[in-house]
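Visitor: Can you look at this prediction? I've put the sequence above it.
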Amino acid sequence: MAYEALDFYDVDSLLTEEERMVRDMVRDWVDEEVIPNIEIACRDGVFPDEWRVALGEMGVLGAPLKGYDCPGLSYTAYGVICRELERGDSGLRSFASVQGSLAMYPIWDFGSEEQKNYYLPKMASGEWIGCFGLTEPDYGSNPGDMITKAEDMGDHYLLNGAKMWITNGSIAELAVVWAKLDGVIRGFIVEKNDPGFSAPEMKGKHSLKASVTSELVFQDCKIPKDRMLPGVKGLRGPFSCLNNARYGISWGALGSAQACFDSAKDYAMSRIQFNHPIASYQLVQNKLSWMLREITKGQLLAYHLGQKKDAGNWIPEHISLAKMNNVDIALEIARVARDIHGANGILDEYPIMRHMANLESVKTYEGTHDIHNLIIGRHITGIQAFTREA
Amino acid sequence: MNIAVLLKQVPDTTAKITISDGKVDENSVSKWSMSPYDEYALESGLQLKEATGGNLIAITCGPERAKKMLTDAAAVGADTLVHISDDGVSDSTHVQKLLTAAVKKFDSHVVLCGKQAADTNGGSTGPGVAELLDAACVTLVSEVNFSEGNFTTIRPSNSGTEKVIVNGLSVFAFDKGSSELRRPNVRGIMMAKKKPVESITSGDLGVNLDPSNVKMNSQNPPPEKPAGQKFEGAEYVNEVVSKLRNEANVI
Ligand SMILES: Cc1cc2nc3c(=O)[nH]c(=O)nc-3n(C[C@H](O)[C@H](O)[C@H](O)COP(=O)(O)OP(=O)(O)OC[C@H]3O[C@@H](n4cnc5c(N)ncnc54)[C@H](O)[C@@H]3O)c2cc1C
């Protein structure tokens, strides 16, 4: 049975024909290759390498970037791709977000011409995987105080420090690492085989099991001078990347929510208790109706934000609102869907518990839910509430 | 080599079909797709194109909505897109005439199509076009290869498969082929968007659609499946076996 997406307000009819074709391409691939294999990937705790190859072949990596063999799609198309991937699994979407928005984007926006020509074509084709190292063991929501530092040694840079929670870390060919050079945050490209660099995988996750998460360790890691990103200084560098990734997540979370809604609806229609399908009871209908309501609002939010991204008239706070809202409702929808499935909801025969556990990470990474609240709060009041110091 | 592939847009095999006033209600079809056997013909056409450096002409006869299917074909590699308006078309002989005229207009050397369309399951297009073209026709093929001026095809035979070799202008009607239609990619989709669809009418093709002598009286949904029957206990074994044998005809 082909997947028919919940689209109560026909929001997808606003997409261009090209965007719809890209949607169908990714959707078919997710149905054929991802959904039948995702539970095994999660049990084994691996990101299947075939998926990297397929994403490269479809040409969706770094979707909105132009030139350097990048796809050159609209931001709206990028959002749609994230949504379709995340209907399969948030780990899959994480892979694509990190590759496109966190690793390719900074090279594309802040890299030298040589860096762009060298890295971007191979990253767009999926041949090289990238990762993004910002978070440290002691600095998560507050990356500005990071410890990792770079020293200018004349003919090379020396990196020291550690990053944590780095998606794709152990499978990456290159890492875009943010470190302080003379107290100023700068971006550096570190390659897998650079001396003094290692990327041990973090094990034991109950969430995003089909996504690789790693530490990045730099012990007198020596990198050539031409690996610093010349085009940006300070937190603006990593934050520009995060803006794009967060935007993609605001669409992606809807994919998870739709998968949970579909499963809950089908289950409620066929599960008989007290002689009738549970879907015939008002309490259950209320849950389904609430899910549809929130998904529909989320779709309008994501689509409109996509249009703003494409038109260039957005502010980061717009993205914070959509990321925060859509992940929040997706997680709550997953929880309610789990409830509707009863005991079956905890089995991997249904996608519910997997999406639910995944979304716990999605709520935290790319700015926790409350950090986005604080960003919006600052926008409303003009008063920052991140820290007690002014 | 000019490779013509005849394509038809049909309700997706997963779409619900509703009938109103004795006719399929097209407006209620949620999703239209390329007919599945045509997909095999298209994939084989793309492989022929790659092997011979040819030009692939995707041709459909249908309403406006069918243009979308041509764009989908362009996304996987069709070079020329031809949409023949189905205005005035009332039976399959009309469709055959129009397709034949288009095949000639675009100087095609070989014609590939599905063995039947998934909606009408008529199966007349391939042989019908071959007849009008006075071309060789091989049906139910799963594979077509070209070398040294010959087309080598594989089709089923009484005892397994047979290889049929033909040359000259030929029509091949595809059963399930040996390779599935390839997935498009972003580059293909972006190029497809720029590829114009050539729209032509029966008048442009010089085809006279004479009054049809075929009339469709009505369409009906398939009979609903009777409700299942449930038997519990060993005493029903004989009854169940006899039902399986005589009613369900499965043993
Ligand atoms: C699976 C996974 C993958 C990840 N991938 C990457 C990656 O690829 N690259 C990367 O750099 N990072 C990555 N991260 C890290 C992620 O970005 C951080 O976890 C996130 O920024 C939160 O940091 P933290 O975990 O240290 O939480 P903390 O910052 O310690 O936050 C803990 C809690 O405190 C709250 N809090 C913090 N500050 C305030 C405040 N001022 N006011 C009120 N509440 C506050 C938060 O909202 C949260 O609820 C990943 C994380 C996960 C789970």
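Guide: Arrived safely. Numbering: from 1, shown residues only, chains lettered A, B, ... in the order given.

Visitor: For residue 55, which residues are in contact?
Guide: In the absence of a named chain, chain A is used. A:61, A:95, A:96, A:99, A:126 (CB atoms under 8 Å, 6 or more residues apart in numbering or on different chains). C-beta coordinates here come from the backbone N, C-alpha and C atoms, glycine included.

Visitor: not quite, I wanted chain B
Guide: Counted by CB under 8 Å, 6+ apart, residue B:55 has contacts B:1, B:2, B:3, B:49, B:79, B:80.

Visitor: For it, give its distance to chain A.
Guide: 23 Å (CB to the nearest CB, to the nearest Å).

Visitor: Give me the number of neighbouring residues for the closest residue to chain B within chain A.
Guide: The nearest approach of chain A to chain B comes at residue A:59, 3.6 Å away (CB to the nearest CB). Per other CB atoms under 10 Å in any protein chain shown, the neighbour tally for residue A:59 reads 25.

Visitor: In this structure residue A:117 contacts residue A:68, no?
Guide: Yes. The pair residue A:117 / residue A:68 is scored as a contact, 6.6 Å apart, by CB atoms under 8 Å.

Visitor: Can you pick out the residue with more neighbours from those two?
Guide: Taking other CB under 10 Å, residue A:117 and residue A:68 do not tie; residue A:68 has more neighbours (21 against 13).

Visitor: what sits against that one?
Guide: A:108, A:116, A:117, A:120, A:121, A:124 are the contacts of residue A:68 under CB under 8 Å, 6+ apart.

Visitor: three-state assignment of residue B:145?
Guide: Secondary structure, DSSP: H, G, I helix; E, B strand; the rest coil: residue B:145 is strand.

Visitor: Quickly list what it is bridged to.
Guide: Following DSSP bridges, residue B:145 is listed with bridge partners residue B:152.

Visitor: Flag every residue of the stretch 1-150 of chain A that's near chain B.
Guide: A:1-2, A:4, A:17-18, A:21-22, A:25, A:28-29, A:57-60, A:63, A:71-73 (CB under 8 Å from any CB of the partner chain).

Visitor: Smallest gap between the stretch 51-200 of chain A and the ligand, at which residue?
Guide: As assessed by CB to the nearest ligand atom, the ligand sits closest to residue A:140 within the stretch 51-200 of chain A, at 1.8 Å.

Visitor: dump the residue contacts of that residue.
Guide: Residue A:140 makes contact with residue A:165 under the criterion CB under 8 Å, 6+ apart.

Visitor: ditto for residue B:84
Guide: B:59, B:60, B:61, B:62, B:98, B:99, B:102, B:200, B:201, B:202, B:205.

Visitor: Among these, the buried ones, what's the PyMOL command?
Guide: To isolate the buried ones among those in PyMOL, judged by 16 or more other CB atoms under 10 Å in any protein chain shown, type:
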select buried, chain B and resi 59+60+61+62+98+99+102+200+202+205
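
Visitor: check contacts around residue B:10.
Guide: B:32, B:33, B:34, B:35, B:117, B:118, B:119.

Visitor: Tell me the spatial nearest neighbour of the residue of the stretch 151-251 of chain B found nearest the ligand, not counting adjacent residues.
Guide: Proximity of the stretch 151-251 of chain B to the ligand (CB to the nearest ligand atom) peaks at residue B:186, 24.2 Å away. The shortest distance from residue B:186 to any non-neighbouring residue, by CB to CB, 6 or more residues apart in numbering or on different chains, is to residue A:59 (3.6 Å).

Visitor: per-residue pLDDT, that neighbour?
Guide: For residue A:59, the pLDDT comes out at 98.

Visitor: Ok, residue B:214 next?
Guide: On the pLDDT scale, residue B:214 gets 84.

Visitor: Kindly report the same for the one 10 residues further on.
Guide: Taken from the predicted model, the pLDDT recorded for residue B:224 is 85.

Visitor: burial measure for it, as a count.
Guide: By other CB under 10 Å, 6 other residues sit near residue B:224.

Visitor: Please enumerate the strands of chain B.
Guide: B:2-6, B:9-11, B:19-20, B:23-24, B:32-34, B:55-62, B:80-85, B:110-114, B:136-141, B:143-147, B:150-157, B:160-166, B:170-174, B:197-200 (DSSP state E).

Visitor: Who does the third one pair with, and is each partner parallel or antiparallel?
Guide: Strand B:19-20 has the following sheet partners, assigned by DSSP bridges: strand B:23-24 (antiparallel).

Visitor: Just the mean pLDDT for the strand it pairs with, thanks.
Guide: Here the average pLDDT along strand B:23-24 is 88.

Visitor: roughly how far is it from the heart of the chain?
Guide: 20 Å (CA atoms, centre = their mean, to the nearest Å).

Visitor: rewinding a little: could the contacts of residue B:55 go into a markdown table alongside distance to chain A, pLDDT and neighbour count?
Guide: Shown next, in a markdown table, are these (distance: CB to the nearest CB, whole Å; pLDDT from 0 to 100; neighbours: other CB atoms under 10 Å in any protein chain shown):
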| residue | distance to chain A | pLDDT | neighbour count |
| --- | --- | --- | --- |
| B:1 | 27 | 93 | 14 |
| B:2 | 26 | 97 | 17 |
| B:3 | 23 | 98 | 28 |
| B:49 | 19 | 97 | 19 |
| B:79 | 18 | 97 | 15 |
| B:80 | 19 | 98 | 18 |
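
Visitor: Distance to the ligand for these - can I get that in JSON lines?
Guide: Shown next, in JSON lines, are the contacts of residue B:55 (distance: CB to the nearest ligand atom, whole Å):
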{"residue": "B:1", "distance to the ligand": "50"}
{"residue": "B:2", "distance to the ligand": "51"}
{"residue": "B:3", "distance to the ligand": "47"}
{"residue": "B:49", "distance to the ligand": "43"}
{"residue": "B:79", "distance to the ligand": "43"}
{"residue": "B:80", "distance to the ligand": "46"}
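
Visitor: how about JSON lines for the residues you listed, with distance to residue B:232 added?
Guide: Converted to JSON lines, the contacts of residue B:55 look like this (distance: CB to CB, whole Å):
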{"residue": "B:1", "distance to residue B:232": "65"}
{"residue": "B:2", "distance to residue B:232": "65"}
{"residue": "B:3", "distance to residue B:232": "60"}
{"residue": "B:49", "distance to residue B:232": "60"}
{"residue": "B:79", "distance to residue B:232": "63"}
{"residue": "B:80", "distance to residue B:232": "63"}
